[in-house]
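**Q** could you look at this predicted model? Sequence included:
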Amino acid sequence: MAVMRQTPEQAEPMGPIPREFAAVMRPELPGLLKEMAAEIVAAIPEYGVLLDGPNGRVIKFGIEQSIAAFVDRVAAPTATSALRDDLCRQFGRFEAYEGRSLDSLQAAYRIGCQVALRRVRTVGRRYNLSASFMLTFADALFAYMGDLAELSREGYEQALAELGEEPDNRRRRLLRRILGGAAVARSALAELAEHSAWPLPDEVTLVALGPEAHPSRALLDRDVLADLADPEPHLLVPGPFTADRRACLTAALAGNRAAVGLTVPLGEAADSLRWARHTLALSESGVIEDNGVALSEDHLLPLWLLGDPALVDQLTRKYLGPLVGLTATQRTRLIDTLRIWLTTRGTAAQVADLLGVHPQTVRYRLRILDRAFGERLNDPDDRFATEIALRALYLREHGEVNAAAGRDRLP
């Protein structure tokens, strides 16, 4: 509903609603806010994600202000509404930045208005309010809703003007919506994709770029979405990451580092980007080796084992606990021996060859390990968990390449 909005100084008093009615309305506001939020989320599920997200408090505050400002104008028709006006414009700006139309926001305003009218009818029966008063109140409330909608439209149009209508800007907003996950309705994505002249694919592959990377947009395939303004720049490649895609990306990167996530359904794009960023971090730290473009699918084991560093610490504390009382040198030697023995299941001579020590030294260390761990290494679950802890620890300290070399040397 679009209406011509007036400033508080120009506004007519809000109809013949007695000012005393504001005192009746105020105690209803907390419950009314909860009811509005519940019904809006039920009708527009993606708003539920927003209310529970990092901006939830700001959004709820904006709703509170919108309701409170209505009551304030009942109590004092010429009261200023500058804060409410700014928040409503911010709502519109947010919808533009998220690549949405104003349909959902306007629907939320209508739902809020309906909930408020329902509450006022309940209050009206309690206080025996006349039918003419109820009609007057409804007229004022619908006019007020139109005021909010127009303010949001102003913010929406301002944001669109700032973003511009260039295809890259539209496509960047589309990429950000896609990374919003399953909570984003495909119909909403389809609308923005159509405006961006970009067919929605069934599968996508995300690419994480180093902060210093500035790929040539002209050398990237035209259907690749890019957000190079993000502090962690990234790309979206429709479909799988083929050899041709890799050649194109390598040329565009001009020697800069990147990591490619796994190919996933469109609704799981955020997972692909998360894996790509983790792969990039492992590459930069030297845990994995690559030739400038690291593929997550080539490093699934490090991605899994090192996906939660704090949990790796907990694993090592629990399953390598029998070695805690030893000196650092003793512990390191025994950990290396245990890791190679569990990984290879080789003889003392074979393990000794991998460690570069005498077989008798390995036998001595294995006896110490047997006394330290007891039956734990005979239990399949404990033995598997111990090997996982050892592999994660070794990967973190020595890297994937050295670990693979150690395994390959066993005949």
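**A** Looks like it came in fine.
**Q** residue ranges with poor pLDDT in this protein?
**A** For the chain, the stretches with pLDDT under 70 are 1-16, 98-100, 163-168, 181-185, 399-411.
**Q** which secondary structure state does residue 346 sit in?
**A** When classified by DSSP: H, G, I helix; E, B strand; the rest coil, residue 346 comes out as coil.
**Q** from residue 375, how far off is it?
**A** Between residue 346 and residue 375 the computed distance is 22 Å (C-beta to C-beta, to the nearest Å). All C-beta spots, glycine's among them, are computed from the backbone N, C-alpha and C.
**Q** equivalent analysis for residue 316, please.
**A** Counting by C-beta to C-beta, the separation of residue 316 from residue 375 is 20 Å.
**Q** show me which of the two is the more surrounded one.
**A** Taking other C-beta atoms under 10 Å, residue 316 and residue 375 do not tie; residue 316 has more neighbours (19 against 8).
**Q** next, that one: phi, psi?
**A** phi -70, psi -40 (degrees, to the nearest 10).
**Q** which residues touch it?
**A** 389, 392, 393 (C-beta atoms under 8 Å, 6 or more residues apart in numbering).
**Q** centre of the chain versus the helix or strand harbouring residue 294, how much separation?
**A** Assessed by DSSP states H and E, residue 294 sits inside strand 293-295. In terms of C-alpha atoms, centre = their mean, to the nearest Å, the centre of strand 293-295 is set 22 Å apart from its chain centre.
**Q** over to stretch 308-319?
**A** Between the centre of stretch 308-319 and the centre of its chain there are 25 Å (C-alpha atoms, centre = their mean).
**Q** please apply the same query to stretch 385-393.
**A** Here the centre of stretch 385-393 is set off from its chain's centre by 30 Å, with C-alpha atoms, centre = their mean.
**Q** and for stretch 216-223?
**A** That offset, for stretch 216-223, works out to 26 Å (C-alpha atoms, centre = their mean).
**Q** swap in stretch 89-105?
**A** For stretch 89-105, the distance to the chain centre is 19 Å (C-alpha atoms, centre = their mean).
**Q** what does that stretch contact?
**A** Contacts for stretch 89-105 (C-beta under 8 Å, 6+ apart): 44, 46-47, 55, 59, 62, 149, 151-160, 163, 170, 173-174, 176-177, 180, 188, 191-192.
**Q** drop anything exposed from those.
**A** 44, 46-47, 59, 62, 149, 151-153, 155-156, 159-160, 163, 170, 173-174, 176-177, 180, 188, 191-192 (16 or more other C-beta atoms under 10 Å).
**Q** tell me where the chain has strands.
**A** Taking DSSP state E as the test, the strands found in the chain are 203-209, 225-227, 234-238, 258-265, 293-295.
**Q** identify, out of those, the most deeply packed stretch.
**A** strand 203-209 (a mean of 25; mean count of other C-beta atoms under 10 Å).
**Q** next, the angle strand 258-265 makes with that strand.
**A** 160 degrees (axes from the mean of the first three to the mean of the last three C-alpha atoms, to 10 degrees).
**Q** no further queries at this time; thank you.
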